[in-house]
Each structure stands twice: as structure tokens, then as C-alpha cells.
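> let me see the structure of the following:
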Amino acid sequence: MKINTKVKIFFIFVILGLVFFVYRRYQSNKAAAPQYQTAKAEKGTLIVSLSVSGQVSATNSRTVTTTASGVVRKVFVKEGDKVSTGSPILQIDLDLNGRQKLQAAYSSYLSAQNNLKAAQDKIYGLESDLVAARNVFNNQWANQSPDDPTYIQKHNAVLAAQAAYDNLQNTIKQSQAALESSRLSYQLAGATVYAPISGTVSAISLTPGMILNPTSDSNNSSNIENKIAIVKTNTTPTVTVNLTEIDVPKVKVGNKVTVTFDALSDKTFTGKIIAIDTIGTISSNVVNYPTTIQLDSDAPGVLPNMSATANIIIDFKDNVLIVPNGAIQAQSGETFARMLVNGQLVSRPVEIGLQSDTQTEIVSGLNEGDEVVTAVISASRTTGSTGSSIFGSFGGAGGGFRMMR
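Predicted coordinates for the structure are as follows:
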């Protein structure tokens, strides 16, 4: 029986359609084949660090100032000179305002001296009263009944004498502090300006004949100071950062630190933690613990109040087997590393150690050179995986791509 031509054409189209359908399914499955980002387990140094921000709290310099006003008569130093504490920097011919301020400062200094001397003279009388009260009580009434009225009177006399003596001791300490303060004010108002610390002179711009304008009236208690120069020391700058209540237990005095400054972005400095304020401060219901970092070397470009970023090294291990965090997953209380075995994604049990933000130490379960999977990617969709990464994502540092066909 002969087959009709139209029927032949129909069967040809059906066959072609089936071939085309199978081919498209094949291409679709091929396109959906997963790609694997991989990396190798390698020996290296694993560093765990904490990044915090702060500011330069102190530099290796001190500003030379004066409250005096007048005409500069003589400059005793120049840029780069070495000076000791108390060395003369310059001398000033005081103007009328400067002389009035100097006399007022001298008067305050003499008054503070007199107050201290008067308190010191009075202390001898109070000390004598205290000794007499104690002798009377101890020799005549110490063994009497505490309920005896005379016992109570004599005992209270001892307590009163002791309180008067202690109060005057505190007054003497206050008078000593007031005397030192008035002495410094008198020195700042003087015609000769002295170096406050030992070091090297820099940033001095005054020359004989230049005028220093008044900073305040002689009757004004505020003493705004004229800047004269800067004396730099051999100490290194310090940076203060704030640690949160979560981070402060991780940090201890002596931890190594790397520091960068916004104004010196091309440089990195090293230092160490020298102090942690464990009392802390509270602002807007947030607790911060100020922590001081001292740089290891001098930094000429670092100025007070510059913004800084510090990476505090909390822990590190050298010559350990490490993999990217994306290769590690936790499931049912166990830890696994993802690997490819005969083209199939499998999870191998591992024991992990130290962990940083990007890497994990492998204590056992993997060998150096083993290839692990850090991410699974599909051309049409991202494939899931049983279990979840202990770091919250499949991302990882480094690695290449593998596509299974």
C-alpha cells in the first residue's frame, strides 16, 4: 500500500518537531547546569582583627603660649633648636595692658602665698588641740561607760578636734593648688616666655619688633593665650578610639594595632593598646569604653584631632590550614566543608579553629591543596544547598569557577 505524500510530509514535520524539542530541552538543562566558585585550602597566617574609628588625642608636641602683650624685644631660639624645660624663648617689652595684667597676676600670686602661710600657721594650733583632747580622753575617760555624759562629751571633743584638723589639711591642699595656679598665671603674663617642656623648637614665626596684641583686659579673668611656637618631643602620638560593650572584652592592653588616617590615606602606622577605660561613658543610652593607642614611631604629619581608623589585632595563628568562610557550613550541630567529588557537590565533616571575617582555620578534615566550593551559581538561577553557612552567606575570598556539564 502506498503512503500518501501529504502523510509523509506530516510525519517528517512530527519527527523534526520531536528532534527540535529534545534539542531545546538539552540546551535548557545545559544552561541550567550549576557553576562552582572554588578555592584551595592553603597554609598561611590567620589574623582576627577589630576595626574601630577614633581621633588623635595627643601628639608629640606642646604649644608655647603667653598672655602678655607688647613688642617683641628679643628671640632667643630659632627653628630646630633644642630647648630644656624653662629655657627662655623670647622677651617682650610690655605695653600698658600687659603691665596691668602682670601686676594683677603678681597680686594674685602674693595673695595665694599669704593664704597658704596663714593656713599652715593655724595647723599647729589645731594639731595641739587634737593631741590635748586625745590625752584627756585616753587618760581619764576611755575606760568609762559609753553612756556616761562626760565620756560622750570628751569623746566628741576628740572627734571635733580631728574634724577641724582634717578640714584645715584640705584647706592647705587647696591653697597649695591655688598658689601653683597663680604662679603659672604670673609666669604666663611675664615679659619673658619660657619653654614648657624639653624638645625641639618648631613653627616659631615671631621676630624682634613684632607686636603681640592684648588677649583680654586686666580686669577680665579669662586668659586667652597668644601662640608663640611649638616644642616637639621624642614621644609618639596617641589615638583614642571607642569600644562597644561587645568588643571591649576581646581587647587587652598590649594588643598590636595598625592605624590609618583620613588625611594620610597612603600611609599605615603601627602601634599598641596602652590603656582601656573599663568604667566607660554613656551617651544616648550607648556605652563606650575609651581606649588609647600609642604609635610605635614618630609621625610628623599627624596632627591633633585627626580622624583615624584602627585595626586591633585580637588574635592570630601562623602556618595554619585556612579556607574562605564561604566553604564552611553548619548543619545539625556539625561543621562541613563543601567539595566536588565526581562532579557532585558533597559536604565533608571538618573541625574548625580560629575564624576571621573572611577565613577559617581547618584543624582536621582537609589537606593542603584540597579544592573547596565557596559559592554555587546557576546560569538561570542560584541553587540552594542543604544546611546554612555559619557565616551567613556563600561568599568567600579568592577562587575560580567550575561549570559541570
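> on the three-state scheme, residue 205 is what?
At residue 205, secondary structure determined by DSSP: H, G, I helix; E, B strand; the rest coil is coil.
> for residue 277, what are its contacts?
Neighbour list for residue 277: 289-291 [criterion: C-beta atoms under 8 Å, 6 or more residues apart in numbering]. To be clear about C-beta, it is placed using only N, CA and C from the backbone, and glycine gets the same treatment.
> just the buried ones from those?
The neighbour-count test (16 or more other C-beta atoms under 10 Å) applied to the contacts of residue 277 identifies 289-291 as buried.
> tell me which of those residues fall in strands.
Secondary structure defined by DSSP state E assigns 289-291 of these to strands.
> is it possible to get CSV of those that adds pLDDT?
Rendered in CSV, the data for these read as follows (pLDDT from 0 to 100):
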residue, pLDDT
289, 95
290, 94
291, 95
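> which of those lies closest to residue 274?
Using C-beta to C-beta, residue 291 is the member of those that lies nearest residue 274, at 9.0 Å.
> what distance do you get for the closest one to residue 297?
Here the criterion is C-beta to C-beta, to the nearest Å. By it, residue 291 lies 20 Å from residue 297.
> equivalent analysis for residue 202, please.
Using C-beta to C-beta, residue 202 is found at 18 Å from residue 297.
> among those two, which residue is more densely surrounded?
For residue 202 and residue 297, the more surrounded residue by other C-beta atoms under 10 Å is residue 202, and the numbers stand at 14 against 9.
> show me the contacts for the more buried one.
Contacts were defined as C-beta under 8 Å, 6+ apart; by that measure residue 202 touches 61, 79-80, 229-232.
> what pLDDT does the model give it?
Per-residue pLDDT puts residue 202 at 87.
> backbone phi and psi for the closest residue to residue 375 other than its chain neighbours, please?
Nearest non-adjacent residue to residue 375, counting by C-beta to C-beta, 6 or more residues apart in numbering: residue 37, 3.9 Å away. In terms of degrees, to the nearest 10, the main-chain angles of residue 37 are phi -90, psi 130.
> what about residue 37, how many residues nearby?
Close neighbours of residue 37, defined as other C-beta under 10 Å, add up to 21.
> could you do residue 264 as well?
By other C-beta under 10 Å, the residues close to residue 264 number 16.
> surely it touches residue 302?
Yes. With contacts counted by C-beta atoms under 8 Å, residue 264 reaches residue 302, the gap being 7.2 Å.
> near residue 351, how many other residues are there?
The local packing count at residue 351 equals 12, with neighbours defined by other C-beta under 10 Å.
> just the helices in this protein please.
Secondary structure of the chain by DSSP state H: the helices cover 5-31, 96-136, 149-188.
> residue 255: which of these is closest?
Nearest to residue 255 among the helices of the chain is helix 149-188 (37.0 Å), distances taken as C-beta to C-beta.
> ramachandran coordinates for the closest residue to residue 297 other than its chain neighbours?
Leaving aside its sequence neighbours, residue 297 sits nearest to residue 236 (C-beta to C-beta, 6+ apart; 6.2 Å). Backbone dihedrals for residue 236, given as degrees, to the nearest 10, come out at phi -100, psi 160.
> sounds good, over and out.
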